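Engineer: how would this look folded up:
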Amino acid sequence: MSGAVDRARRARSLLERLGSRIPGLSGYLDRELRREVDELLRRHVADRLDVARRQVATRVAALTLRESTKVTQLNALAMRLDSLAQRLRAAGAGYAGLFDAFKVKEEQLEQLYAVDLDLAETAEELVAVMEGRKEGWEGEAERLAERLRQAIEARLGVVRDVLNAGRSA
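Structural biologist: Numbers count the residues shown, from 1 in each chain. Predicted coordinates for the structure are as follows:
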């Protein structure tokens, strides 16, 4: 994710670059930039989960009545993907002011970036599995959905660690 921050930093307008020379303003701009990149990434991952969910729905529609157990399994997967996407979208409100209120260490940011990268890569892997239409894709999709859930929990854990460290400081 630090590569995305660097790219966004280079793309700043002249006014933003000028403002970054003012003492104190640079840190504010960096926090804003990190927030924007974070929000864009979470929105992108949630959108990819929506793509996978729609692909599951398409496959459910193609099933016959004799495959009712598979319909139930796939509907549960679709609901799980929808829930994960909504959790990612809702995470923005809690994240927005977090790093303003608490001093965040570079290692904590790196942990958050590693989790975010895992989220993005796993979402892409899930979409690829859905598009591949290979036999037994359901189990692989379930495994990836669980990996996404764990990554979201890990992300929340990093944020909780930041909050707890900030409260004890």
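Engineer: Quick check: longest helix in the chain by residues?
Structural biologist: In the chain, with assignment by DSSP state H, the single longest helix is helix 25-62.
Engineer: Which other helices and strands does that one contact?
Structural biologist: Under the contact criterion of 3 or more CB pairs under 8 Å, 6 or more residues apart in numbering; DSSP states H and E, helix 25-62 touches helix 2-10, helix 14-19, helix 68-95, helix 98-101, helix 106-132, helix 137-168. For the C-beta atoms, the positions are set from N, CA and C on the backbone; glycine is no exception.
Engineer: Chain neighbours aside, what residue packs nearest to the residue nearest the centre of the chain?
Structural biologist: Centroid-nearest residue in the chain: R42, 3.7 Å away (criterion: CA atoms, centre = their mean). Distances taken as CB to CB, 6 or more residues apart in numbering place L88 nearest to R42, at 4.6 Å, with adjacent residues excluded.
Engineer: lowest-pLDDT helix or strand in the chain?
Structural biologist: Lowest by mean pLDDT, DSSP states H and E among the helices and strands of the chain is helix 98-101, with a mean of 54.
Engineer: and the nearest residue to V45 once chain neighbours are set aside, how many neighbours?
Structural biologist: If the residues on either side of it in the chain are set aside, V45 comes closest to A123, at 4.6 Å by CB to CB, 6+ apart. Counted with other CB atoms under 10 Å, residues neighbouring A123 total 26.
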